[in-house]
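Participant: compute the structure for the input listed below.
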Amino acid sequence: MNKGDLIKLVAEKADISKAQATEAVNATFDGIQDALTKEDKAAFIGFGTFSISKRAARMGKNPATGAELKIPAMNLVKFKPGKALKDAVR
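Facilitator: Numbering: from 1, shown residues only. Take a look at the predicted model:
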């Protein structure tokens, strides 16, 4: 499923136009992104939780040359599925 498929599904299930569904889907994604940007969680009971994980800076090696290089610290997005989603997929 891609974003277009999701918009079509929301439009059909909510009995709204594709334009309204596009606004709803975009607003949902923007809300999740805003929460994560503020290093907050986006939790949806039964579906799952999006959160930020911090990865510390570390040293790595270029596999082609063997030269050492510094890999900077970064934030990663993590998703932990909820029980209902886990059960549905099983």
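
Participant: next, the residue nearest to Lys41 when sequence neighbours are not counted: secondary structure please.
Facilitator: Spatial nearest neighbour of Lys41, chain neighbours left out: Ser51 (4.7 Å); criterion: CB to CB, 6 or more residues apart in numbering. The way it works is simple: take the backbone N, C-alpha and C, and place the C-beta from them, glycine included. Assigned with DSSP: H, G, I helix; E, B strand; the rest coil, Ser51 falls in the strand class.

Participant: now do Leu76
Facilitator: From three-state DSSP, the assignment for Leu76 is strand.

Participant: mind checking how far the spatially closest residue to it that is not a sequence neighbour is from Phe29?
Facilitator: Spatial nearest neighbour of Leu76, chain neighbours left out: Ser53 (4.8 Å); criterion: CB to CB, 6+ apart. Ser53 sits 20 Å away from Phe29, taking CB to CB, to the nearest Å as the criterion.

Participant: with just CA atoms, put the helix or strand Ile32 falls within into PDB.
Facilitator: For Ile32, the enclosing helix or strand under DSSP states H and E is helix 18-37. Only the C-alpha atoms of helix 18-37 are listed here, as PDB (Å, rounded to 0.1, in the frame of the first residue of the first chain):
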ATOM      1  CA  LYS A  18     -10.600  12.100  -2.400                       C
ATOM      2  CA  ALA A  19      -9.600  15.700  -1.800                       C
ATOM      3  CA  GLN A  20     -10.900  15.600   1.800                       C
ATOM      4  CA  ALA A  21      -9.200  12.200   2.300                       C
ATOM      5  CA  THR A  22      -6.000  13.700   1.000                       C
ATOM      6  CA  GLU A  23      -6.200  16.500   3.500                       C
ATOM      7  CA  ALA A  24      -7.000  14.100   6.400                       C
ATOM      8  CA  VAL A  25      -4.100  11.700   5.500                       C
ATOM      9  CA  ASN A  26      -1.700  14.600   5.100                       C
ATOM     10  CA  ALA A  27      -2.800  16.100   8.400                       C
ATOM     11  CA  THR A  28      -2.300  12.800  10.100                       C
ATOM     12  CA  PHE A  29       1.200  12.400   8.700                       C
ATOM     13  CA  ASP A  30       2.100  16.000   9.600                       C
ATOM     14  CA  GLY A  31       0.800  15.500  13.200                       C
ATOM     15  CA  ILE A  32       3.000  12.400  13.600                       C
ATOM     16  CA  GLN A  33       6.000  14.200  12.100                       C
ATOM     17  CA  ASP A  34       5.500  17.300  14.400                       C
ATOM     18  CA  ALA A  35       5.300  15.100  17.500                       C
ATOM     19  CA  LEU A  36       8.500  13.200  16.500                       C
ATOM     20  CA  THR A  37      10.300  16.500  15.700                       C
END
